[in-house]
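> Need coordinates for the below:
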Amino acid sequence: MSLLLFLNLLLACSNSNMQSTEQQSFGKEINGPAFVIKGEITNIKSDTIRLYDYYGIEFNELAYTIVSKNEKGGTFELKGNIPEKGIYFLGSDSKNGSYFIVGADKEFTVTGDGVNLSTLKASNSPENTEYQQFMQKTAELQAQLQSLSQKIQQNPADATLRQSYDTVVKLQTAYHQTFIKQNTIVGLLAKIFYMEPFGSDPSHQAYKTDIEYIKNAFFKNIPLKDTSIGYIPQFFDKVNYYTSWILSQGTSNEEAAAKISDLIKQLNPKSKAVEMFYIGSISGAARMQQMDLYFELAEKYLKEFPSGRFSDRFKKDVAGAGNTRVGSPAPDIILNNPEGKQLKLSSLKGKVVLLDFWSSWCGPCRKENPNVVKLYQQYKTKGFEIFGVSLDNSKDKWIQAIKADNLTWLHVSDLGGWQSAPAKLYQVSSIPTTFLIDKKGNILAKGLRGQALEQKLAQLFP
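Numbers count the residues shown, from 1 in each chain. Next up is the predicted model:
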């Protein structure tokens, strides 16, 4: 799982006016484990070395020290305190450096080449040595899986490739399993990586499919009450991946929000782990362009962390979210139907309305129409209505498509194509796009099609 720094915000400070070579550490007042990190770096150009706390979408600088230059490069001694034992980033800035476990050993030494500080190695630190070996082996196994996965996509019928893939999965699972009983940061990291292959344990019989298993068991091996998980970057990665993955499997925003909330309740309240879970989930929602979920989670974050690290950012995002969020009153649309009669979306209050943006030239729209026709016939007598807004330019083609597809509900259009006023009002960037509106005129759901729409209507009209 790669780190998703979708916002490139650097918090490093300039110290170009500091001429002293005294190795004094500078940092924030932190009440946590003390540390001493010594360094011998060849070819180092930077005047400072800095320690950062990883926050998923940015780094928080905790301390820095001046590098004493010499003929070979430079040396440093960085002292300070960290909030909690965990994995932190050490480097010349937040881009050039390496991750180390800080807090396990009160003092350790790093060596390496200043040209590429990502190659730094720790000595006199058993846990860091084990950590670096663990990450190297995991990276090797994941590289094999990625290579095999690409080959399988090119040759899906090759049973030998699939067998090889399964073999490497078992090797990775067995490797991580050797660490999960350790009461160390490496042990906790192994629990984050560890995922039993579906069907490998009798308990998996509780799930009908591997998708259901992953949805419900993705975090089962992680001790969520352990606040240290908030200080492990891979925990953010796992949350981000989980949110992106369940959304890619067709999970509704409503279900995704419920699952995320259930998991957050299992974390230690107000801990950094909670904050990281919110940030990972919000990042995953943004990655999948599910902005309603993004804003819903951002609002929950603001309630729990009103003065949190990301509060100002999310306040601005929520304030600029627009007027088509789930739960908001549906903006009114007043346009003419094909016969020239004016219709109002707001006149349909008291009914459940599917606001459907489509056009005659949209292949996916026309392909979806038979399903919508079936649902309309099934529920129209129970208080269900459809308000179709066409992005056509041609009135004749619009009318022909209505007749050809037997679309017997309400239709309007200003024949403006992508410049259609309702499309701009509802921020429509692709079609088909739907908004399900409740009896009070509020937006109930967005983007429902096919089986998802069918299931939602079945809930509303039991």
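> List the buried residues for the longest helix anywhere in the chain?
If you go by DSSP state H, the chain has its longest helix at helix 126-154. Using 16 or more other C-beta atoms under 10 Å as the test for burial, helix 126-154 gives 127-132, 134-135, 138, 141, 144, 148, 151. Glycine gets a C-beta too; all of them are placed from N, C-alpha and C.
> From the contact counts, what lies against that helix?
The contact analysis (3 or more C-beta pairs under 8 Å, 6 or more residues apart in numbering; DSSP states H and E) places helix 126-154 against strand 97-102, strand 121-123, helix 159-177, helix 185-193.
> sorry, back to before: of the buried residues of helix 126-154, which is the nearest to P432?
Of all the buried residues of helix 126-154, K151 has the smallest distance to P432: 35.7 Å, by C-beta to C-beta.
> For the closest one, give its distance to A319.
48 Å (C-beta to C-beta, to the nearest Å).
> Same check on S347?
Distance from S347 to A319, by C-beta to C-beta: 31 Å.
> Between those two, which has more neighbouring residues?
S347 (13 against 7; other C-beta atoms under 10 Å).
> Am I right that the more buried one is in a helix?
Yes: S347: assigned to a helix according to DSSP: H, G, I helix; E, B strand; the rest coil.
> Can you tell me how far it is from F384?
Distance, S347 to F384, using C-beta to C-beta: 15 Å.
> got it, and S328?
As defined by C-beta to C-beta, S328 lies at a distance of 21 Å from F384.
> Looking at those two, which one has more neighbours?
More crowded of S328 and F384, by other C-beta under 10 Å: F384, with 20 against 14.
> Can you pull the domain assignment for this protein?
Split into domains by automatic domain parsing, the chain comes to 25-124, 129-319, 334-460.
> Using TSV, lay out those domains together with mean pLDDT.
Shown next, in TSV, are the domains of the chain (pLDDT from 0 to 100):
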stretch	mean pLDDT
domain 25-124	93
domain 129-319	93
domain 334-460	94
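> Can you say which of those domains is packed in most?
Most buried of these, by mean neighbour count (mean count of other C-beta atoms under 10 Å): domain 25-124, with a mean of 19.
> Might you calculate how far stretch 351-366 sits from the centre of the chain?
When C-alpha coordinates are averaged (C-alpha atoms, centre = their mean, to the nearest Å), stretch 351-366 and its chain have centres 29 Å apart.
> ah, wrong one, I meant stretch 135-152
Counting by C-alpha atoms, centre = their mean, stretch 135-152 comes out at 22 Å from the chain centroid.
> Only the C-alpha atoms, please, for that stretch, written as CSV.
This file holds the C-alpha atoms of stretch 135-152, laid out as CSV (Å, rounded to 0.1, in the frame of the first residue of the first chain):
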residue,chain,number,x,y,z
MET,A,135,9.7,-3.7,5.3
GLN,A,136,12.3,-4.9,2.8
LYS,A,137,10.9,-8.5,2.8
THR,A,138,7.3,-7.2,2.6
ALA,A,139,8.2,-5.0,-0.3
GLU,A,140,9.8,-7.9,-2.1
LEU,A,141,6.7,-10.1,-1.7
GLN,A,142,4.4,-7.3,-2.7
ALA,A,143,6.5,-6.6,-5.8
GLN,A,144,6.1,-10.3,-6.8
LEU,A,145,2.4,-10.2,-6.3
GLN,A,146,2.1,-7.0,-8.4
SER,A,147,4.1,-8.6,-11.2
LEU,A,148,2.0,-11.8,-11.1
SER,A,149,-1.2,-9.8,-11.0
GLN,A,150,-0.2,-7.9,-14.2
LYS,A,151,0.6,-11.2,-15.9
ILE,A,152,-2.7,-12.7,-14.8
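> Begin at 28 from now on, thanks
Taking 28 as the first residue, the last one we looked at is stretch 162-179.
> Test my guess that Y202 contacts L168.
Yes: with contact defined as C-beta atoms under 8 Å, Y202 reaches L168; the gap is 6.8 Å.
> Hmm, F225 is touching H231, no?
Yes: using C-beta under 8 Å, F225 is in contact with H231, at 5.8 Å.
> any shared contact partners between these two?
Between them, F225 and H231 share these contacting residues under C-beta atoms under 8 Å, 6 or more residues apart in numbering: Y240.
> where exactly do the helices run in the stretch 228-377 of the chain?
237-244, 260-275, 280-292, 299-314, 318-331, 338-346 (DSSP state H, counting those that start in this stretch).
> Quick check: phi and psi at F86.
The phi/psi pair for F86 (degrees, to the nearest 10) reads phi -110, psi 150.
> Just to check, it is in contact with L117?
No: F86 sits out of contact with L117 when judged by C-beta under 8 Å, with a separation of 11.1 Å.
> Check the contact lists of the two and give me the overlap.
Y79.
> From T187, how far out is I259?
36 Å.
> what does K55 give?
Applying C-beta to C-beta, the value for K55 to T187 is 55 Å.
> confidence score at Q46?
Looking at Q46, its pLDDT stands at 32.
> what does T351 give?
Value for T351, per-residue pLDDT: 80.
> give the contact list for it.
So, once contact is read as C-beta under 8 Å, 6+ apart, T351 ends up touching 357-358, 452-454, 462, 470, 473.
> Quick one: mark the members of the residues you listed that sit in strands.
If you go by DSSP state E, the contacts of T351 have 462, 470, 473 in strands.
> that's a strand at G101, yeah?
Yes: counting by three-state DSSP, G101 is part of a strand.
> If I follow the layout properly, it ends up in contact with I68?
Yes: at 5.6 Å, G101 counts as touching I68 under the criterion of C-beta under 8 Å.
> Identify the contacts common to these two.
Applying C-beta under 8 Å, 6+ apart, one finds that G101 and I68 are jointly contacted by 94, 141.
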